[in-house]
Structure formats: C-alpha cells, structure tokens
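Enquirer: got a sequence here, can you build the structure:
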Amino acid sequence: MLDHLAISVDDYEKSKAFYSKVLAPLGYTLVMEFDDRVACFGVGKKPSLIIHQQGKTVPTLHLAFYSKTRAGVDEFYQAALLAGGKDNGVPGIREKYHPNYYGAFIFDPDGHNIEAVCHAPE
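Expert: Below is the predicted model of the structure:
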C-alpha cells in the first residue's frame, strides 16, 4: 500500500548511522542522500524509508520492517542495541497477533518504536 515513508529526526548523523546499521540485516541500505540532511534507505535503488533533519517527529511513530526470516529479526535486534537503540521487546513469538508473528521492538534515537517482523513459520 505505501510506497515510502519520511520521518523527521533530531540528529541527522546519529540517526543515519543508526538506521544504516539496524536495517542492514533486513537487506536495506542507504540508497540516496542529498542536502546533507536527507537519507533514503531501501532495497536496490528504491527508497522506502526517508529520514530528514527537522527535529523530532511528535508524536513518535511505530515503524515495522519486514524480515524474510526470524534470524533477520534477531540480527536487527542485536544491531539496534549495538547502535544505541533501547529495548522495547526482545525477539519472540507474539501469539496475540497470530501464531507465526515473530517480532522484536526497539526505540530509535528519537523515541520511535521500530520493529522487525517475520510472519513465516520457523
């Protein structure tokens, strides 16, 4: 349904470094950058997430990134912690959503609740 999403960040360089590290296990890379304050992350050359320096987005957002595998969710979570994210839910099954919902939750530098989720059975 969505083509891309743009969010404001308070510290551009910190957020760019954070998202570069945490999205890598899911196959996303920095695909475009301009004006020293806009970074676009995506797969291939197509941007899906855009961050730009304008101060914090208020209220904060919940962003969920798709992972093909549960291992990708685990790697996302570990990368996010190492990049300075704050735990908001360790990797695991969330049966209240559905029996195969495997997700992990992190607060990014601006307080957004970011998630990686895999819907595949094991």
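
Enquirer: contact partners for the closest residue to Arg94 other than its chain neighbours?
Expert: Distances taken as CB to CB, 6 or more residues apart in numbering put Tyr101 closest to Arg94, at 4.5 Å, once the chain neighbours are dropped. For the C-beta atoms, the positions are set from N, CA and C on the backbone; glycine is no exception. Residues in contact with Tyr101, defined by CB atoms under 8 Å, 6 or more residues apart in numbering, are 93-95, 117, 119.

Enquirer: filter those down to the buried ones.
Expert: Among these, the ones that count as buried by 16 or more other CB atoms under 10 Å are 94, 117.

Enquirer: sorry, back to before: what pLDDT is listed against the residue nearest to Arg94?
Expert: What the model reports as pLDDT for Tyr101 is 98.

Enquirer: is it true that Pro25 touches Ala79?
Expert: Yes: look at Pro25 against Ala79 with CB atoms under 8 Å: they come within range, at 5.7 Å.

Enquirer: and the helices in the chain, which stretches?
Expert: For the chain, the helices defined by DSSP state H occupy 12-23, 70-82.

Enquirer: kindly reformat those helices as CSV containing mean pLDDT, distance to Pro47 and mean neighbour count.
Expert: Supplementary listing: the helices of the chain in CSV, determined by pLDDT from 0 to 100; distance: least, CB to CB, whole Å; neighbours: other CB atoms under 10 Å:
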stretch, mean pLDDT, distance to Pro47, mean neighbour count
helix 12-23, 97, 12, 19
helix 70-82, 98, 19, 20
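
Enquirer: closest to Pro59 out of those?
Expert: helix 12-23 (17.1 Å; CB to CB).
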